[in-house]
Structures are given as C-alpha cells and as structure tokens.
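K.L.:
Quick one, structure for this:
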Amino acid sequence: MLEAEFHEQVAHLMHLEGWSVYSVPDSRRVSLAGYPDITAWRGTRLLFAELKREKGRTSAAQDEVLAELRMIPCAEVYLWKPSDWDTIHEIVRRDR
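P.N.:
Next comes the predicted model:
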C-alpha cells in the first residue's frame with residue numbers, strides 16, 4: 001500500500017468518526033520539517049499522527065517533532081503503519 005493511500009484511508013475514517021482533520025499528503029513542501037501527516041481534533045482530544053508504509057522509517061526531523069509533541073499533556077501522538085489498522089480504528093472511535 002502506498003503511503004498516500006494509507007493517508008487517505010486514515011483521514012476518511014477520522015472524518016466518518018466526527019474528527020476535524022487537517023492533513024497534508026506531502027508536508028515537506030508546506031509546513032515545518034518533520035510535522036506529522038495528520039492533525040485532528042474532536043471534543044477535548046487533540047491527535048497528531050505520522051503515517052508510514054509498512055517498512056517506512058521516520059526521519060530525524062520527524063522524530064524530533066514527535067518527541068516535542070509528546071511533551072504536550074493533552075496531545076495524543078502516534079506513528080501508524082497499515083498493520084496498525086485495528087488499533088487506529090479503536091483509537092479513533094474512543095471518546096478519550
């Protein structure tokens with residue numbers, strides 16, 4: 001599965017579950033280097049997700065940004081691959 005296809009599936013699921021989703025398929029061209037692929041919010045939840053193909057790896061910039069975001073107490077920060085689909089579905093559906 002291409003990363004763009006996975007990105008579309010995750011964003012679509014989040015929209016179906018009532019999330020507001022900001023996503024940029026190729027963030028290298030429009031945002032801070034390393035910024036996650038998806039930023040989403042619903043109610044009191046704020047979620048950041050970096051999406052990778054099954055064998056994809058994060059860059060040093062992505063690792064740095066994800067670590068910084070994890071320091072925000074209310075933020076949920078994830079690194080998801082297609083094999084995480086059941087977990088993604090569970091996380092997106094829960095209230096908190």
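
K.L.:
Please identify which helix or strand holds the residue nearest in space to the middle of the chain.
P.N.:
When C-alpha atoms, centre = their mean is applied to the chain, the residue found nearest the centroid is residue 49 (1.6 Å). For residue 49, the element it lies in under DSSP states H and E is strand 45-51.

K.L.:
chain center to that strand, what's the gap?
P.N.:
How far strand 45-51 lies from its chain's middle: 4 Å, per C-alpha atoms, centre = their mean, to the nearest Å.

K.L.:
just so I have it, where are all the strands in the protein?
P.N.:
For the chain, the strands defined by DSSP state E cover 20-23, 38-42, 45-51, 75-80.

K.L.:
Who are the packing partners of the second one?
P.N.:
Translated: strand 38-42. Packing partners of strand 38-42 (3 or more C-beta pairs under 8 Å, 6 or more residues apart in numbering; DSSP states H and E): helix 3-16, strand 20-23, strand 45-51. All C-beta spots, glycine's among them, are computed from the backbone N, C-alpha and C.

K.L.:
Make TSV out of the strands of the chain and add distance to residue 87.
P.N.:
Converted to TSV, those look like this (distance: least, C-beta to C-beta, whole Å):
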stretch	distance to residue 87
strand 20-23	18
strand 38-42	15
strand 45-51	11
strand 75-80	8
